[in-house]
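In: Structure for this input, please:
(chains A and B)
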Protein chains: 2
Amino acid sequence: MTHIALDEKILSMLRHHTSSYVSGEDLCKAFDVSRAAIWKHMEKMREEGYSIEASPHLGYRLLGVPDRLVPSEIRWKLKTKVLGKEVISYKKVGSTNDVAYALAEKGLKEGVIILAEEQDKGKGRHGRSWTSPSRGGIYLSAILRPRITPNEIPKITLLAAVAAAKAIREVTGLQAMIKWPNDILVSGKKVCGILTEMKAEQDSVSFIVIGIGINCNTPVRQLPKSASSLREELGLHARDEHVPRLELVKKLIEKLEEDYFLLKKDGFRPIMEEWKHLTDMLGARVRVVLQNRAFEGLAHNIDPDGALIVRKDAGTLERISSGDIIMIRQG
Amino acid sequence: MTHIALDEKILSMLRHHTSSYVSGEDLCKAFDVSRAAIWKHMEKMREEGYSIEASPHLGYRLLGVPDRLVPSEIRWKLKTKVLGKEVISYKKVGSTNDVAYALAEKGLKEGVIILAEEQDKGKGRHGRSWTSPSRGGIYLSAILRPRITPNEIPKITLLAAVAAAKAIREVTGLQAMIKWPNDILVSGKKVCGILTEMKAEQDSVSFIVIGIGINCNTPVRQLPKSASSLREELGLHARDEHVPRLELVKKLIEKLEEDYFLLKKDGFRPIMEEWKHLTDMLGARVRVVLQNRAFEGLAHNIDPDGALIVRKDAGTLERISSGDIIMIRQG
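Out: Residues are numbered from 1 along each chain as shown, chains lettered A, B, ... in the order given. Down below sits the predicted model:
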């Protein structure tokens, strides 16, 4: 962690002098380390994708930063108070949710963000898998410690869906739509999924891990048929055309915090109202698949606890708090 | 684990011949091990408190078993199908719930029982501590994997309270009374506490750990003022007078399974009815302490989700799913 900290300090100094050079000597003095140490850090940062010019006489200059999800880049000018104050990123993990969960159990505090470039055991709901190839995806988990009861947890999932849909819309311009409870679709295809997990006593949540997976620049051939990527939906095909992952991650973290603070301050109602504006499923025909039965009806509303209300064909309303929803396209 | 298994096999053979001897040779043949190995196991079992007679000519004979919570004794003639099929016991742990939780995360299956002779971080609700000295207590955690939603978790706590109250009543004859949500009292003093913890997604529980702490033969001077031990409440003071811990643990595991299977088969209603017969708090005056406020009233009922219904002095009913209840003694 000290190395990362020094990297961030060096970067910060370089960022303040992008039109000029920072001499090796100044860096040595500023951080009380040797020239060899500075050089080593520069090499490390170059390996991470930073473009750093080194002139023997003038010193170092920052030419470009990578679109990589490294903590220093994510935290740079991040407009949050709690979320992302600590960011831990991995090349590859089993599942960012599992890593975040284990860290939360060790006591890591609210707001810590875990990221990975690849997951080999990416998780969906109910033990399903979430395809998480190494090129271009966003796999993010956040630790939250709200003072809520376990039955309030659906609110957190819906909040995360609202934040993710807004972040995707703002950064890409795509009409991201929420599908209850935990998916974000573009043109009917899944581009983002959310998995909320918690440790709880019977009447109080100890911590929550929100996992968000976004198919950002992920090659579509590596995704399931029902899924797409933001890059694909934007029609970007040239080699150098990509959705800015870093910008999207930062926006996502900012939106998450904004909505989380809103929930704490004003309760679930404003989130619920936003949710309704970010979905096109209310009024649509759906098939509800529960543990022991299935039925069709019209998605009618969400209720103040985050459950989906479905109007069955017989006219009665049924409250769905657990289950899968299949959208029925009508010709 | 292989050692434990061999111990159990040897014990089983000795148990079938308590009026005669089992020769070392027979044991060697039966388990295909050397005489030295048999001798080593006998020594180990003696250290665990077994009284084993060894006659050079006749062989070994079991004279007595310890009132110790060792897996072999607990599993001996245990009348269960799932709970206690695997028992893991420790001399001392931080908290049996933490150990069980970590094992459940590693995939250990439903029914595993964790026991310790002592806890140095025994846990109560909401981060409180549970006094767990080394002499005479029962500290037990069970892993369950029911297919339920997180908001059904109070049912599991109440079920555990019913099982614990019945086990205590049957083994000691004491009038154990449940105090909502998670305590068992005898003569108004706490003798048992229950802590239910879970890992869950928003709509499905991954696993539950039920922790049950019983002040069985615990010296009362080591307990908080509001607590007592079963031994104390039975008026046992002579050095050799003790509540049979082993019998109580076995009864507890059996009752837990019985009620758990009942819940799965017939739902919560029969458990709820039993609960009502095992409490004296319904109709009693209580003080309800919530996160932000407190009030008094009469404990009126529990509802089908396991919440406590309190009739406030103004006559209105309030549903309590989280909070502390203080019994108000009158007269």
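In: just the helices in the stretch 201-331 of chain A please.
Out: Chain-ordered helices for the stretch 201-331 of chain A, with DSSP state H, counting those that start in this stretch as the definition, fall at A:230-233, A:245-266, A:269-277.
In: Can you tell me the SS state at the residue nearest to A:Glu258 when sequence neighbours are not counted?
Out: Nearest in space to A:Glu258, with sequence neighbours left out and distances taken as C-beta to C-beta, 6 or more residues apart in numbering or on different chains, is A:Ala163 at 7.4 Å. Bear in mind the C-beta positions are built from the backbone N, C-alpha and C, glycine included. Following DSSP: H, G, I helix; E, B strand; the rest coil, we place A:Ala163 in the helix state.
In: burial measure for A:Ala163, as a count.
Out: Residues lying near A:Ala163 (other C-beta atoms under 10 Å in any protein chain shown) number 27.
In: got the contact list for it?
Out: By C-beta atoms under 8 Å, 6 or more residues apart in numbering or on different chains, the contact list for A:Ala163 reads A:252, A:255-256, A:258-259.
In: Take the residues you listed and write them to JSON lines, including neighbour count and pLDDT.
Out: Compiled in JSON lines, these are given as follows (neighbours: other C-beta atoms under 10 Å in any protein chain shown; pLDDT from 0 to 100):
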{"residue": "A:Leu252", "neighbour count": "27", "pLDDT": "98"}
{"residue": "A:Lys255", "neighbour count": "23", "pLDDT": "98"}
{"residue": "A:Leu256", "neighbour count": "28", "pLDDT": "98"}
{"residue": "A:Glu258", "neighbour count": "16", "pLDDT": "98"}
{"residue": "A:Asp259", "neighbour count": "22", "pLDDT": "98"}
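In: just the residues you listed now: which is nearest B:Gly64?
Out: B:Gly64 lies nearest to A:Leu256 out of those, by C-beta to C-beta, at 62.4 Å.
In: ok, now which ones touch the closest one?
Out: A:Leu256 makes contacts with A:83, A:142, A:159-160, A:163, A:210, as judged by C-beta under 8 Å, 6+ apart.
In: And the helices in the stretch 1-150 of chain A?
Out: Defined through DSSP H, counting those that start in this stretch, the helices belonging to the stretch 1-150 of chain A, from first to last, are A:2-15, A:24-31, A:35-47, A:71-75, A:96-105.
In: So which of those is the most surrounded?
Out: Per-stretch averages of neighbours, counted by mean count of other C-beta atoms under 10 Å in any protein chain shown, single out helix A:96-105 among those, with a mean of 22.
In: other SSEs contacting it?
Out: If you count contacts as 3 or more C-beta pairs under 8 Å, 6 or more residues apart in numbering or on different chains; DSSP states H and E, helix A:96-105 packs onto strand A:87-93, strand A:113-119, strand A:138-144, strand A:189-201, strand A:205-214.
In: chain center to the longest one: distance?
Out: So the one you mean is strand A:189-201. On the basis of C-alpha atoms, centre = their mean, to the nearest Å, strand A:189-201 sits 11 Å off its chain's mean C-alpha point.
In: repeat for the third one
Out: Between the mean C-alpha location of strand A:138-144 and the chain-wide mean there is a distance of 6 Å, by C-alpha atoms, centre = their mean.
In: Partner strands of that strand, with direction?
Out: Taking DSSP bridges as the criterion, strand A:138-144 pairs within the sheet with strand A:113-119 (antiparallel), strand A:205-214 (antiparallel).
In: quick one, it and helix A:245-266 angle?
Out: What separates the directions of strand A:138-144 and helix A:245-266 is an angle of 30 degrees, with axes from the mean of the first three to the mean of the last three C-alpha atoms, to 10 degrees.
In: Ok, the fourth one next?
Out: Counting by the same axes, to 10 degrees, strand A:189-201 lies at 50 degrees to helix A:245-266.
In: try the second one
Out: For the pair strand A:113-119 and helix A:245-266, the angle between their directions (the same axes, to 10 degrees) equals 140 degrees.
In: Kindly export strand A:113-119 (C-alpha atoms) in CSV.
Out: Output of strand A:113-119 as CSV, limited to C-alpha atoms (Å, rounded to 0.1, in the frame of the first residue of the first chain):
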residue,chain,number,x,y,z
ILE,A,113,-14.5,-0.2,-3.6
ILE,A,114,-13.1,-3.4,-5.0
LEU,A,115,-12.4,-3.7,-8.7
ALA,A,116,-11.0,-6.4,-10.9
GLU,A,117,-10.1,-6.6,-14.6
GLU,A,118,-11.3,-10.1,-14.7
GLN,A,119,-13.3,-12.6,-12.6
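In: got the buried residues for that strand?
Out: Residues of strand A:113-119 classed as buried: A:113-117, A:119 (neighbour count, 16 or more other C-beta atoms under 10 Å in any protein chain shown).
In: ok, so of these, who is nearest B:Glu105?
Out: Of all those, the one sitting nearest B:Glu105 is A:Ile114; the distance, using C-beta to C-beta, is 16.7 Å.
In: from memory that closest one sits against A:Gly84, does it?
Out: No - taking C-beta atoms under 8 Å as the contact criterion, A:Ile114 and A:Gly84 are not neighbours in contact, 10.8 Å apart.
In: Now do the contacts for the one residue in the stretch 151-300 of chain A that gets nearest to chain B.
Out: Taking C-beta to the nearest C-beta as the measure, the stretch 151-300 of chain A has A:Asp203 as its residue closest to chain B, at 3.4 Å. Residues in contact with A:Asp203 (C-beta under 8 Å, 6+ apart) are A:149-150, B:125, B:154, B:181, B:321-323.
In: Same check on A:Asn151?
Out: Here A:Asn151 is in contact with A:305, B:150-151, B:321 (C-beta under 8 Å, 6+ apart).
In: Get me the contact residues on the stretch 201-331 of chain A for chain B.
Out: Proximity of the stretch 201-331 of chain A to chain B is assessed by C-beta under 8 Å from any C-beta of the partner chain, with A:201-204, A:206, A:291, A:321-323 identified as the residues in range.
In: count of neighbours near the nearest residue to the residue of the stretch 151-300 of chain A closest to chain B once chain neighbours are set aside?
Out: When the adjacent residues along the chain are set aside, A:Asp203 lies closest to B:Ser322, with 3.4 Å between them (C-beta to C-beta, 6+ apart). Residues lying near B:Ser322 (other C-beta under 10 Å) number 20.
In: Contacts only, for B:Ser322.
Out: With C-beta under 8 Å, 6+ apart as the criterion, the residues that contact B:Ser322 are A:149, A:203-204, B:290-291.
In: Since that was my last question, I'll sign off now.
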